[in-house]
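Trainee: got a predicted structure here, sequence first:
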Amino acid sequence: MSEPPTIADVRAAGDDALARLSAAPTLDELRSLGSELLGKRGALAGFKQRLGSLDPDARRTLGQAVNDAVAKAQAAHDRRHRELAADARRVQLEAERLDLTEVVISPRRGHAHLVTQAWERLEDVFVGMGFRVAEGPEVETDFHNFEALNMGVGHPARSEFDTLFVDFGPPGSTVLRTHTSPVQIRVMQSQPPPIYIVAPGRVFRRDTPDATHMPVFHQIEGLVVDRGITFADLAGTIQAFTEAFFGTGFSSRLRPSYFPFTEPSAEFDIQRPDGTWLELGGCGMVHPNVLRAGGIDPEEFTGFAFGFGIDRFGKEWAGIDDLREMFTNDIRFLEQF
Ligand code: DAH
């Protein structure tokens with residue numbers, strides 16, 4: 001019979017088991033080390049079988065030492081098992097991870113067309129001056145487009161407008177509006193004064209496209225009707241608009257002209273800081289017949305109106321030579337503005 005084990009033997013075996021379990025490199029190796037060291041036929045279990053040959057005192061102390069060693073080795077096993085299991089899980093998660101991120105190449109953003117920019121800027125300036133924005137239809141009645149604007153049948157001014165007619169109703173009764181002025185009539189018919197509106201919109205004429213004409217273009221109309229409105233209010237409004245839109249270096253002038261729907265009538269020009277002039281549009285005091293057609297008593301109210309082309313305005317604003325460039329939709333041209 002071999003020598004009975006000593007406490008030192010037990011501790012040495014316990015330390016050895018603890019060190020090997022703590023250093024197990026994989027779960028598989030930990031599992032085989034576990035049965036080798038902690039199993040029924042393991043080294044520490046071997047000590048237990050040999051306790052029987054000892055006297056009761058020595059059996060108790062040595063048994064205690066074996067239990068201690070087993071408990072520490074078991075704790076080391078469990079700790080290492082948790083570490084290795086956590087590592088394995090991390091590796092698995094990393095391997096099975098789905099990359100849900102998406103590389104977003106920032107989109108090429110466009111911008112509003114030059115005409116839209118000019119249109120919106122004009123609206124902003126007039127709204128800032130207290131005007132409201134009004135709208136009217138692009139397909140108009142002969143009445144709103146001509147008649148109510150003091151251009152009766154056979155009026156010579158009607159031939160100035162190369163009108164596109166729509167095949168609807170009695171011949172000649174329906175037109176693509178040739179200007180935004182019919183919105184004046186629609187607004188007057190729909191509300192009592194005071195009226196302070198601008199009406200931007202698309203208009204149509206039988207023009208052949210050239211550097212300064214397009215058959216489809218845009219205008220902005222202004223209408224003010226109130227008590228005691230004078231020509232000075234018109235001139236002051238045009239000047240205030242010029243400065244608000246272009247800046248303080250610019251000024252405006254009115255030149256006598258003729259429009260059937262205003263009396264007196266004028267054309268207004270804008271002077272650039274270098275002294276040169278830009279013809280912008282027409283204006284005048286609303287003709288009494290036009291007020292009456294809108295259901296307003298010209299003895300009680302007076303008003304002024306103006307109208308000008310947005311496209312030519314944008315053309316000037318952006319320094320473009322040829323209006324047609326704006327509508328051929330060449331991206332290399334359009335993206336410059
Ligand atoms: N409707 C005119 C045109 O298309 C422009 C115009 C002139 C509008 C004088 C007005 C105005 O309101 O008072 O040529």
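Mentor: Good, I have the coordinates.

Trainee: need phi/psi at residue 218.
Mentor: Note on residue 218: its backbone torsions stand at phi -130, psi 140 [degrees, to the nearest 10].

Trainee: which residue is the nearest non-sequential neighbour of it?
Mentor: Counting by C-beta to C-beta, 6 or more residues apart in numbering, residue 218 lies nearest to residue 310, which is 3.9 Å off, once chain neighbours are set aside. Every C-beta, even on glycine, is put in place using the N, C-alpha and C of the backbone.

Trainee: ok now do that neighbour, which residues does it touch?
Mentor: By C-beta atoms under 8 Å, 6 or more residues apart in numbering, the residues touching residue 310 are 115, 118, 119, 122, 200, 217, 218, 219, 220.

Trainee: in which helix or strand does the last one reside?
Mentor: It stands for residue 220. Per DSSP states H and E: residue 220 is located in strand 216-226.

Trainee: what's in contact with the worst-scoring helix or strand of the chain on mean pLDDT?
Mentor: Least confident element among the helices and strands of the chain, by mean pLDDT, DSSP states H and E: helix 43-49 (a mean of 82). With C-beta under 8 Å, 6+ apart as the test, helix 43-49 has contacts from 5, 9-10, 13-14, 17, 36-39, 62-63, 66, 69-70, 73.

Trainee: if we can go back for a sec, and the gap between the residue nearest to residue 218 and the ligand?
Mentor: Using C-beta to the nearest ligand atom, to the nearest Å, residue 310 is found at 12 Å from the ligand.

Trainee: kindly indicate whether residue 152 is helix, strand or coil.
Mentor: Counting by DSSP: H, G, I helix; E, B strand; the rest coil, the backbone at residue 152 sits in coil.

Trainee: and the gap between the residue lying closest to it once chain neighbours are set aside and the ligand?
Mentor: Of all residues not flanking residue 152 in the chain, residue 146 sits nearest, at 7.7 Å (C-beta to C-beta, 6+ apart). According to C-beta to the nearest ligand atom, residue 146 and the ligand sit 11 Å apart.

Trainee: list the contacts for residue 146?
Mentor: Going by C-beta under 8 Å, 6+ apart, the list of residues near residue 146 reads 152, 155, 158, 161, 175.

Trainee: next to the ligand, which bits of the stretch 51-200 of the chain? Give me the list.
Mentor: 179, 181 (C-beta under 6 Å from any ligand atom).

Trainee: same thing but at 8 Å, please
Mentor: Residues of the stretch 51-200 of the chain lying near the ligand by C-beta under 8 Å from any ligand atom: 149, 161, 178, 179, 180, 181, 184.

Trainee: buried ones in stretch 15-24, by neighbour count?
Mentor: Using 16 or more other C-beta atoms under 10 Å as the test for burial, stretch 15-24 gives 17, 18, 20, 21, 24.

Trainee: now it: mean pLDDT?
Mentor: When pLDDT is averaged over stretch 15-24, the result is 92.

Trainee: next one, pLDDT for the residue in the stretch 1-150 of the chain positioned nearest to the ligand please.
Mentor: When scored by C-beta to the nearest ligand atom, the stretch 1-150 of the chain has residue 149 as its residue closest to the ligand, at 7.9 Å. What the model reports as pLDDT for residue 149 is 97.

Trainee: and if you look at residue 63?
Mentor: Per-residue pLDDT puts residue 63 at 87.
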